[in-house]
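> I'd like to go over a predicted model; first the sequence, then the structure.
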Amino acid sequence: MTLKKSDFVEIEYTGRIKGGEIFDTNIKSDAEKINLDVETKPLIICLGQRMILPALDDFLIGKDIGEYKISLAPEQAFGKRNKELVKTVPIGVFKNQSQNPSPGMVFHFDGLIGKITSVSGGRVIIDFNNPLAGKEVEYTLKVKREITDTNEKIKAFLFYYARKEFNFSFGNGKVTVECSKHEQKALSSLKNKLKEIFSLELEFAEPKPRSINKQQEISDNAQ
């Protein structure tokens, strides 16, 4: 089976610095090697939608179900280091926020993530480069299966972008997602992408009240 753009596939992956340590994985045994205490599970993506690094996305199109290994130069992975992303900030900026900066600390600045590299003479040097910028990396990829069930595809699509599972139904040219008004506003940005992939319109519905059977109601009232 040759994979093509817009196919949904389930993959396992591990990313390493070239010849070095693991920095990302969704495989339990590899996560344990770096003491990564997170729930690991297969990743379901739609090929050609940049749900993974573009270089990996392009690599998988045209391949078959199976295992692969690929090396990426910095410009294909997390970019080259940019000296302009290393900033010097007066220590007073931190003191005014009752913060005591020290090397290694990570902060959010105007939507960017920066790591403090040094504190000296009233100045704080912050590196806003991606920690993997300038590094050659390698990935092992295992394409476990192609997803053909539309329900599973939509579920994976919504979870990828919202990091939440929703109740939904589809048919008659539309997908109806049950979610709050706040969530509707956020999910509206997916309308065009969902139509491109599934040829379905996105609609919303208020979440249905959770039904509680009589036995459960008695149990809850007794607590």
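Structure received. Note that this is a predicted model, so its numbers are computed, not measured.

> Tell me the bridge partners for the residue lying closest to residue 42 once chain neighbours are set aside.
Excluding its sequence neighbours, the residue lying closest to residue 42 (Cβ to Cβ, 6 or more residues apart in numbering) is residue 10, at 4.7 Å. The way it works is simple: take the backbone N, C-alpha and C, and place the C-beta from them, glycine included. Going by DSSP bridges, residue 10 is paired in beta bridges with residue 44, residue 145.

> From residue 50, how far out is residue 10?
Residue 10 is 18 Å from residue 50, where distance means Cβ to Cβ, to the nearest Å.

> Have a look at the two and say which one is more surrounded.
Between residue 10 and residue 50, counting by other Cβ atoms under 10 Å, residue 10 is the more crowded of the two (18 against 12).

> distance of the more buried one from residue 154?
As judged by Cβ to Cβ, residue 10 and residue 154 stand 15 Å apart.

> Could you check how far residue 98 is from residue 92?
On the measure of Cβ to Cβ, residue 98 and residue 92 end up 12 Å apart.

> cool, and residue 117?
Using Cβ to Cβ, one gets 18 Å for the distance from residue 117 to residue 92.

> Please apply the same query to residue 47.
Where residue 92 is concerned, residue 47 sits at a distance of 49 Å (Cβ to Cβ).

> Not counting sequence-adjacent ones, nearest residue to the most centrally placed residue in the chain?
Nearest to the mean C-alpha position of the chain, by Cα atoms, centre = their mean, lies residue 160 at 6.8 Å. In space, and not counting its chain neighbours, residue 160 is closest to residue 51: 5.9 Å by Cβ to Cβ, 6+ apart.
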